[in-house]
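3D, please:
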Amino acid sequence: MDKTWEIIKEVLTYPLIKMGEGSITLQSLLILCVLFVLVLFLEKIVRERIIMRIFEKTDFPESLEYGIARILGYIFLVIGFYMAFQIVGIDLSSLTIIAGGISVGVGFGLQNIINNFVSGIIIFAEQPIAIGDRIEVSGIAGRVEKISLRSTMVVTSDNITMIVPNADFISQTVTNWSYSDPKVRIRIPIGVAYGTDPEKVKKLLLEVADEDSRTLKDPEPNVIFRAFGASSLDFELGAWTKEMTTRPTSYISGINFAIDKKFREHDIEIPFPQRDLHIRSSAVEIKKPMEAEPPAGKVDRPGED
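Next comes the predicted model:
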């Protein structure tokens, strides 16, 4: 047993890599791994049990609380990993040149991740979006479910979760329907046939808006006579609602169904584009081909071949 223990001890303490005055052994690597796991475990406990409980007594927005907690957690990890290296006896100063070269390569390879990480910090600081907001970015429309330092989870109206990189919220135009005031005006275009009374159309469209319980009474809905179109009189119904933060498609669809029903009841035609084709015809003179003339000096006589 003593001999076996000596062999194990010799293997564990065998220098693998020379670093300055010291060296890295298998024993130091095992201790370092244990310390890393311990640091990760303590970071989770500190972040969830201490930092988040402190935030429960504040009035900070949920997204800001989450962002600050994550940043403090990363700081805790950096300090913990540094202390782990010191406990094991690994001199980090000897790794300066190597770490510089690696950092350059990693910087180029992970520039998108770093960009998203910095963008996440900017989002937490400026708060252009928050959890629960309805947003549109990069062709994706939905409700913000979760904001992390690298990406943001957006749930669409079809209950599909989309992972959007945070850099898109900084570099692209973002539509936030919930940023300041949840009520917005929905514009619904509609065309009617020529000859229809415009005042009657305006009256019916306002009735449709007022009959929908999701339409706000203040501000009042309005109707605009847009233009004399190619095949229709073009109107626009503007109605204020708060449905853009929850179910915008359902509201617009309900208004369109109601307009169609109301116009059918009052015999108002919704035209479709038409084109008239005029065909012009003209007489074409057809000339009879000229008969061939007999060759000079030859005269046809009866009875001759």
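
Let's test this: mean pLDDT of stretch 133-151, rounded?
Summarised as a single mean, pLDDT over stretch 133-151 is 86.

got the residue ranges for the helices in this protein?
Along the chain, counting by DSSP state H, helices occupy 2-12, 26-45, 52-55, 62-88, 96-109, 111-126, 166-171, 198-211, 248-265.

most neighbours per residue, which of the ones you listed?
The highest average neighbour count among the helices of the chain, using mean count of other CB atoms under 10 Å, belongs to helix 166-171 at a mean of 19. C-beta coordinates here come from the backbone N, C-alpha and C atoms, glycine included.

which secondary structure elements does that one contact?
helix 111-126, strand 151-155 (3 or more CB pairs under 8 Å, 6 or more residues apart in numbering; DSSP states H and E).

returning to that earlier point: nearest to residue 228, out of the helices of the chain?
Nearest to residue 228, of all these, is helix 198-211, at 10.6 Å by CB to CB.

Off-centre distance for that closest one?
Centroid separation between helix 198-211 and its chain, computed with CA atoms, centre = their mean, to the nearest Å, is 36 Å.

hang on, the earlier thing: now distance to residue 140 too, for the helices and strands packed on helix 166-171, in JSON lines please.
Shown next, in JSON lines, are these (distance: least, CB to CB, whole Å):
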{"stretch": "helix 111-126", "distance to residue 140": "16"}
{"stretch": "strand 151-155", "distance to residue 140": "6"}
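
Pick out the shakiest of the ones you listed, pLDDT-wise.
Among those, helix 111-126 scores lowest, at a mean of 79.

Return the alpha-carbon coordinates of it using CSV.
C-alpha atoms of helix 111-126 as CSV (Å, rounded to 0.1, in the frame of the first residue of the first chain):
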residue,chain,number,x,y,z
GLN,A,111,-16.2,39.5,-32.1
ASN,A,112,-19.9,38.8,-32.7
ILE,A,113,-20.3,37.3,-29.3
ILE,A,114,-18.5,40.3,-27.7
ASN,A,115,-20.6,42.7,-29.8
ASN,A,116,-23.8,41.0,-28.5
PHE,A,117,-22.5,41.1,-25.0
VAL,A,118,-21.7,44.8,-25.1
SER,A,119,-25.1,45.5,-26.8
GLY,A,120,-26.7,43.6,-23.9
ILE,A,121,-25.1,45.9,-21.4
ILE,A,122,-26.3,48.9,-23.4
ILE,A,123,-29.8,47.5,-23.5
PHE,A,124,-29.8,47.1,-19.7
ALA,A,125,-28.5,50.6,-19.2
GLU,A,126,-30.7,52.5,-21.7
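
Figure out how far that helix is from the centre of its chain.
Chain-centre distance of helix 111-126: 16 Å, with CA atoms, centre = their mean.

quick revisit: switch the helices of the chain over to CSV; also include distance to residue 138.
Converted to CSV, these look like this (distance: least, CB to CB, whole Å):
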stretch, distance to residue 138
helix 2-12, 53
helix 26-45, 32
helix 52-55, 31
helix 62-88, 19
helix 96-109, 23
helix 111-126, 13
helix 166-171, 5
helix 198-211, 32
helix 248-265, 18
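
which one of those helices lies closest to residue 184?
Among the helices of the chain, helix 248-265 sits nearest to residue 184 (CB to CB), with 8.7 Å.
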